[in-house]
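Asks: need coordinates for the following:
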Amino acid sequence: MVSQEQRRRQLAREKFLRQQQRRTSARRKARVRNSAIASVLGVVVIGSVALWTTGVLKNSGDDKAKAGADITPSASPTSKAPDPCTKPAAGSAKKLSWKKEPAMTIDTSAKYTMKLATTCGDIDVALKTAAAPHTVNSFDFLAGKGYFDHTKCHRLTTTGIYVLQCGDPQGTGMGGPGYTLPDENLKDTSLKANTYPAGTVAMANTGQKHTGGSQFFLVYKDSPLPPQYTPFGTVSDAGMKVLQKIAAAGAQPADPTTQNTAPNATVVINKATVTKS
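Replies: Predicted coordinates:
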């Protein structure tokens, strides 16, 4: 579980990032405004400058393995929309834990795909096996144990960064598999200008190095983030449509205890499978 001190540091980090993004946005808009004023002599341009408020991905998990969200942004809630998803399949999430990372069993030269059969539709992910072997091997292991089955995606961020966060059997952002994973593939060519592009699937962590566990996030819109979260997969075009549907339904107000902004949509992973192709 995450200690009070760890949680305090996470919230402080999020607050700092929100302040930095507000300042950057204000400076950028001020430059645009000043340019407009300079181009029209004698004309006073009156307007208001809107500041963007953003959240920060936060991942929580076991003391070491916050499999999901230190990277997860705290999203502003959006208006309530009809639930576009179906009822979850019968069953409950398994509370499983291991003391160490599973032994490497995948073929790192082969291609693997992950299928998340959710209540909102199937999300297929092409996994980056060679670039993130430890991460892909862990997902192959966990999926094989039914670890992700019947788990809900507990966070949707709709401001600043745009991600759906899943992978915690507890559904709180505090769960993990009991072990941590090394950071991988942080120099992926897709990560340009401190941005995780739409379609990226990456690991959440505690904000410290090598603290990934089971929580992960799916990016549904280009999101400004430092390259600190292992990118290990890419969502298919059909999967992106599912993510967009979930995002369109908006997020709930932040939970006062966990600070999670849960999606309005009922997003539950009925079954997760990893397949060698």
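
Asks: now the helices for the stretch 51-200 of the chain?
Replies: 133-144 (DSSP state H, counting those that start in this stretch).

Asks: now do the contacts for residue 141.
Replies: By C-beta atoms under 8 Å, 6 or more residues apart in numbering, residue 141 lies in contact with 102, 105. For glycine as for every other residue, the C-beta is placed from the backbone atoms N, C-alpha and C.

Asks: so is residue 247 in a helix, a strand, or just coil?
Replies: helix (DSSP: H, G, I helix; E, B strand; the rest coil).

Asks: remind me which helix or strand the residue lying closest to it once chain neighbours are set aside belongs to.
Replies: Spatial nearest neighbour of residue 247, excluding adjacent residues (C-beta to C-beta, 6 or more residues apart in numbering): residue 220 at 5.0 Å. Here residue 220, judged by DSSP states H and E, is contained in strand 216-221.

Asks: show me the contact partners of that strand.
Replies: Strand 216-221 is contacted from outside by 57, 67-69, 71-72, 123, 161-167, 196-204, 229, 232, 235, 240, 243-244, 246-247, using C-beta under 8 Å, 6+ apart.

Asks: mind checking which of the residues you listed are in strands?
Replies: Counting by DSSP state E, the contacts of strand 216-221 place 123, 162-166, 196, 200-203, 232, 235 in strands.

Asks: filter those residues down to the buried ones, ChimeraX style.
Replies: Buried members of the ones in strands among the contacts of strand 216-221, defined by 16 or more other C-beta atoms under 10 Å, are picked up in ChimeraX with:
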select :123,162,163,164,165,166,196,200,201,202,203,232,235
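
Asks: between the ones in strands among the contacts of strand 216-221, which is nearest residue 109?
Replies: residue 232 (16.3 Å; C-beta to C-beta).

Asks: now the closest one: how far from residue 222?
Replies: 18 Å (C-beta to C-beta, to the nearest Å).

Asks: and what of residue 237?
Replies: 16 Å.

Asks: ok, those two, which is more surrounded?
Replies: Shown here are residue 237 and residue 222; by other C-beta atoms under 10 Å, residue 222 has more neighbours (16 against 8).

Asks: give me the pLDDT value at that one.
Replies: As predicted, residue 222 sits at a pLDDT of 98.

Asks: extract the C-alpha trace of stretch 94-114 and format it as PDB.
Replies: Output of stretch 94-114 as PDB, limited to C-alpha atoms (Å, rounded to 0.1, in the frame of the first residue of the first chain):
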ATOM      1  CA  LYS A  94      -8.500 -11.700  -8.200                       C
ATOM      2  CA  LYS A  95      -6.400 -10.300  -5.400                       C
ATOM      3  CA  LEU A  96      -3.100 -11.900  -6.400                       C
ATOM      4  CA  SER A  97       0.500 -11.000  -5.400                       C
ATOM      5  CA  TRP A  98       4.000 -12.200  -6.100                       C
ATOM      6  CA  LYS A  99       7.300 -11.400  -4.300                       C
ATOM      7  CA  LYS A 100       9.400 -11.000  -7.500                       C
ATOM      8  CA  GLU A 101       9.100 -10.300 -11.200                       C
ATOM      9  CA  PRO A 102       8.300 -13.400 -13.200                       C
ATOM     10  CA  ALA A 103      11.000 -15.200 -15.000                       C
ATOM     11  CA  MET A 104      11.400 -14.300 -18.700                       C
ATOM     12  CA  THR A 105       9.400 -16.700 -20.800                       C
ATOM     13  CA  ILE A 106       8.400 -14.700 -23.900                       C
ATOM     14  CA  ASP A 107      10.300 -14.900 -27.200                       C
ATOM     15  CA  THR A 108      11.700 -11.400 -27.500                       C
ATOM     16  CA  SER A 109      12.100 -11.800 -31.300                       C
ATOM     17  CA  ALA A 110       8.400 -12.500 -31.800                       C
ATOM     18  CA  LYS A 111       5.400 -10.300 -32.100                       C
ATOM     19  CA  TYR A 112       2.800 -10.200 -29.300                       C
ATOM     20  CA  THR A 113      -0.600  -8.500 -29.000                       C
ATOM     21  CA  MET A 114      -2.800  -7.800 -26.000                       C
END
